[in-house]
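Participant: Model the following, please.
(2 chains)
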Number of protein chains: 2
Amino acid sequence: MAHSTRADRFLRACRREPVDTTPIWIMRQAGRYLPEYRKVRGTTDFLTLCKTPALATEVTLQPVDILGVDAAILFSDIMIPLEPMGLTLTIDEGVGPRIHNPVRTSDDVAKLAVPDPIAGTGFVMDAIRQIRQELAGKVPLIGFAGAPFTLAAYAVEGGGSRNYTHIKKLMFSEPKVAHALFDKLTETVIAYLRAQIDAGVQAVQLFDSWGGVLSPHDFETFSLPYLKRIVEGVKGRGVPVILFGTDLGLQLERLATTGADVIGVDWRMNLDEARARLPNTAVQGNLDPVVLFGPKSELEVRVRDIMKRAGNAPGHIFNLGHGILPETPVENAKALVELVHQLGKHTA
Amino acid sequence: MAHSTRADRFLRACRREPVDTTPIWIMRQAGRYLPEYRKVRGTTDFLTLCKTPALATEVTLQPVDILGVDAAILFSDIMIPLEPMGLTLTIDEGVGPRIHNPVRTSDDVAKLAVPDPIAGTGFVMDAIRQIRQELAGKVPLIGFAGAPFTLAAYAVEGGGSRNYTHIKKLMFSEPKVAHALFDKLTETVIAYLRAQIDAGVQAVQLFDSWGGVLSPHDFETFSLPYLKRIVEGVKGRGVPVILFGTDLGLQLERLATTGADVIGVDWRMNLDEARARLPNTAVQGNLDPVVLFGPKSELEVRVRDIMKRAGNAPGHIFNLGHGILPETPVENAKALVELVHQLGKHTA
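Facilitator: Residues are numbered from 1 along each chain as shown, chains lettered A, B, ... in the order given. Alright, predicted model coming up:
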């Protein structure tokens, strides 16, 4: 058994080093399923919470103590850097993010700024510093950003979308304008992640949440090159890069070409297949979040299966295949963390 | 060049026989993008249209004449057989299908009927007979049904869903109840498709529109066995069976084990990969529907690419990777059909 502890097992697994047990964190672990989070949100809207370092710190730390996960993730939203680019953002309960001046034309793209991350989103860096101080080395802190295609989809559609008609129409009709938009988003994300690293995050995750709506050709043309540029732009700064997408099971080998240290996979594939197809990266995932609504006996069966498929080689970080859902029973999330730590000892 | 014509090239391609040119039809080809359809809908709500054979016939025939596609598909909805099972269905513009008495418990499942398709949905069979008569052999008529998991997702969630929490919770917590529900849906679908075949449809398509939200284990446990039973239940009646799903690229080999004659694929994979992985079935697809919003030059590039990837072996039916979108310019849909017919002559 390796000489690692809760403080370093997540980062060791990112680097595919031996660990004392399988590390686990949960996407959206600071969220509405926690009564403690809902209490804070009772008096504060979502964007104010993101922009108030003391409150962002408070909710970031909640799941570290309540669930016992092995990493904290900055409480924020992938949409945050779009505001200083010049977009008008609201995030309303039940509606999700909305951009009130969506990007549709060459002029709209030209007007977008590539903001200085300190001037534009200094509250994020303040929160990171405060979280690191309060964590005091207990577990590492993960920073994050959205992938250019995913951010562009929001910016062009004006919010969530079913068919991605506007962004795809832009890509298919005016590819130069689309590439100019992806380029500005890429520069913004690189500067934003570098500033997060400078402020103290110890790993970064890039979310290409909507990349899975693209054909292989379009993914290779309009998303992958920008993912590569971002990974290259933040690598060599001493923190692992996690690349997560949904519906990207057919693109795993392409994702690995970005140079990301860790690839996050959703539950649509078996983890043994993911590990076989990703021999040179760590793998993060991949429990269906809805399993947390079922009985604990079934949870255990499925966690055992994932651990078995992850195998004995180092480099597995347990996570859900997507964010934890707002109605999830907290006790089941706790049980998941305990199970992973317990079962992980046998494989570590 | 094979001696086939518009009247039989679709059915020949389903059987992987040589054709004069690549056949094409378009999912949701009778729909809101057509002014002629909107005119009919101006005075008739969606369910009334489905239930009035003369009107269903009228809109079914529209794209055959307007676009020149090589098959008609019955105008109906996968939700139609749920009503005689005992569910209260509405389909409202912009909201989609809703079930007002969703299935949640063992008792709810026990109460569901396996309806006689003539007594419960005789209007569908009347429409089929009228359509066949009016088509007079010009092109074949496709019938269809929803796959049990997809129908169950609607029945349990009560409508469209983002996370499929209720249906998955039922599957994970009370698998026997879930299987009882899938079983009743399977029996209903088999009887429904047999009645459609008896009334005159010349091919059937099974839509597992939501199967892609399941993990491989859950797909194998809760969807695939029922797809197999349905294919077995309608095979040997002289009509090809098409199995279509979205987000099922990782499940292609499993889909082929159903015995379906044709597998429909969405645009998330390259068609040469699909054909290589499906050596013993025909393949249907797979243009991203949003390409029809771009310029014709780009449409041609992408159609050429799909035709090239489909290769020279018989057994490719051109289609979109999902339904045509309501805002699609009709002239682009027409251009697509012409392009496929023109380019298909070189590969046929």
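Participant: Show me the strands in the stretch 1-150 of chain A, by range?
Facilitator: A:72-73, A:89-92, A:96-99, A:141-146 (DSSP state E, counting those that start in this stretch).
Participant: most tightly surrounded among these?
Facilitator: Highest mean neighbour count of those: strand A:72-73, a mean of 26 (counted as mean count of other CB atoms under 10 Å in any protein chain shown). Every residue, glycine included, has its C-beta placed from N, CA and C.
Participant: who in chain A is up against chain B?
Facilitator: Within chain A, the positions near chain B by CB under 8 Å from any CB of the partner chain are A:163-165, A:168-169, A:172-173, A:212, A:214-218, A:247, A:249-250, A:267-270, A:273, A:288-291, A:293-295, A:298, A:302, A:305, A:325, A:327.
Participant: Of these, which belong to helices?
Facilitator: A:165, A:168-169, A:172-173, A:216-218, A:273, A:298, A:302, A:305 (DSSP state H).
Participant: still on that earlier bit, which among the residues of chain A next to chain B end up buried?
Facilitator: Using 16 or more other CB atoms under 10 Å in any protein chain shown as the burial test, these include A:163-165, A:168-169, A:172, A:212, A:214-216, A:218, A:247, A:249-250, A:267-270, A:288-291, A:293-294, A:302, A:305, A:325 as buried.
Participant: Look up the pLDDT of the closest residue to residue A:185 other than its chain neighbours for me, please.
Facilitator: Among residues not flanking residue A:185 along the chain, residue A:148 sits closest, at 4.0 Å (CB to CB, 6 or more residues apart in numbering or on different chains). As predicted, residue A:148 sits at a pLDDT of 98.
Participant: ok, back up a step: and the furthest pair within the ones in helices among the residues of chain A next to chain B?
Facilitator: Maximum pairwise distance in these, criterion CB to CB, is 47.7 Å, between A:173 and A:298.
Participant: Tell me, what's the model's pLDDT at the residue nearest to residue A:261 when sequence neighbours are not counted?
Facilitator: Distances taken as CB to CB, 6+ apart place residue A:240 nearest to residue A:261, at 4.0 Å, with adjacent residues excluded. For residue A:240, the model assigns a pLDDT of 98.
Participant: list the contacts for residue A:240?
Facilitator: Residue A:240 makes contact with A:11, A:14-15, A:203-204, A:261-262, A:282 under the criterion CB atoms under 8 Å, 6 or more residues apart in numbering or on different chains.
Participant: Repeat the analysis, applying 6 Å as the threshold.
Facilitator: Residue A:240 is in contact with A:14, A:203, A:261, counting by CB atoms under 6 Å, 6 or more residues apart in numbering or on different chains.
Participant: Same question for residue A:72.
Facilitator: Counting by CB under 6 Å, 6+ apart, residue A:72 touches A:60, A:64, A:139, A:141.
Participant: I'd guessed residue A:345 sits against residue A:20; true?
Facilitator: No - applying CB atoms under 6 Å, one finds residue A:345 not in contact with residue A:20, separated by 7.2 Å.
Participant: Of these two, give the one with the bigger neighbour count.
Facilitator: residue A:20 (18 against 13; other CB atoms under 10 Å in any protein chain shown).
Participant: Nearest spatial neighbour of the more buried one, chain-adjacent residues omitted?
Facilitator: Using CB to CB, 6+ apart, the closest residue to residue A:20 is residue A:4 (4.7 Å).
Participant: what inclination does the lengthiest helix in chain A have with respect to strand A:141-146?
Facilitator: Counting by DSSP H, the longest helix found in chain A is helix A:175-199. Orientation check (axes from the mean of the first three to the mean of the last three CA atoms, to 10 degrees): helix A:175-199 against strand A:141-146 gives 170 degrees.
Participant: Report the buried residues of helix A:175-199.
Facilitator: By neighbour count on 16+ other CB under 10 Å, the buried set for helix A:175-199 is A:177-179, A:181-193, A:195-197, A:199.
Participant: Next step: the contacts of residue A:240 restricted to helices.
Facilitator: Counted as lying in helices by DSSP H, out of the contacts of residue A:240, are residue A:14.
Participant: From residue B:288, how far out is the residue in the stretch 101-250 of chain A positioned nearest to chain B?
Facilitator: Distance from chain B to each residue of the stretch 101-250 of chain A (CB to the nearest CB) is smallest for residue A:172, at 3.2 Å. Residue A:172 sits 9 Å away from residue B:288, taking CB to CB, to the nearest Å as the criterion.
Participant: picking that back up, tell me, how many residues neighbour the residue nearest to residue A:185?
Facilitator: For residue A:148, the neighbour count with other CB under 10 Å is 29.
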